[in-house]
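Asker: next one to model:
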Amino acid sequence: MPRRRLMNRLSYFTIEDESMLAEAFAEFDEDIFAVTYKVEGTEGVFVTTAETREAMDRNDVAYNLLAEEDSNNIAVYHTILSKEELADYEDAIKALALAYKSVAIACIGVNGETDLGFDLSDGAEGYTYFTAPAGHTFIWRVFATRDDALDFLGKLSLNDKHVVDWVKSIPLASSDELISYH
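Answerer: Next up is the predicted model:
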């Protein structure tokens, strides 16, 4: 089980040969939840959690660190079930959001089911998933701006005060405020 940290960094990096990641991850200790995501729209920029980066360092995985983002800048909105199953994987979910250049991510369904009534007929852009070690696959909506989050979640929740308060608490107004890795 991942250990909790007070201050976490999500790291952007490049690697000479991305197949090295799979080989290295197979060698990591069993208790390490190693995860990297390719940043959307890039040729070879990845984002990872502090735990994975530390494991990469311990195992001498050669990578080029580009930048670090404070994980506290990425907001996560959970359902009851996602909060229960994914509490120990919060930084992995935040890294997933960051890979989409997003400032917030909200759980909107599980195993393809949702009570929220959203429609994917226009495409799946803006949606992703995360499969919990317990087995459920959670559907997530990523948001590049606080306004996008309010528009989407406000409509789905009929502007529920709890949801609106969460949106207002998103630390960054837009992805333009994220650390640049260029």
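
Asker: how many residues are close by residue 171?
Answerer: Taking other C-beta atoms under 10 Å as the neighbour definition, residue 171 ends up with a count of 13. The C-beta positions use only the backbone N, C-alpha and C, and glycine is treated the same way.

Asker: all further residue positions should be reported with the first residue as 5.
Answerer: Renumbered: residue one is now 5, and that last one reads residue 175.

Asker: need the per-residue pLDDT for the residue nearest to it when sequence neighbours are not counted.
Answerer: Taking C-beta to C-beta, 6 or more residues apart in numbering as the measure, residue 175 lies nearest to residue 77, with 5.0 Å between them; neighbours along the chain are not counted. Note on residue 77: pLDDT of 97.

Asker: what's near enough to touch residue 77?
Answerer: 107, 175-176, 181-182 (C-beta atoms under 8 Å, 6 or more residues apart in numbering).

Asker: could I get those as JSON lines with pLDDT, secondary structure and distance to residue 132?
Answerer: As requested, the contacts of residue 77 are arranged in JSON lines below (pLDDT from 0 to 100; DSSP: H, G, I helix; E, B strand; the rest coil; distance: C-beta to C-beta, whole Å):
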{"residue": "107", "pLDDT": "98", "secondary structure": "coil", "distance to residue 132": "15"}
{"residue": "175", "pLDDT": "98", "secondary structure": "coil", "distance to residue 132": "20"}
{"residue": "176", "pLDDT": "98", "secondary structure": "coil", "distance to residue 132": "19"}
{"residue": "181", "pLDDT": "98", "secondary structure": "helix", "distance to residue 132": "21"}
{"residue": "182", "pLDDT": "97", "secondary structure": "coil", "distance to residue 132": "17"}
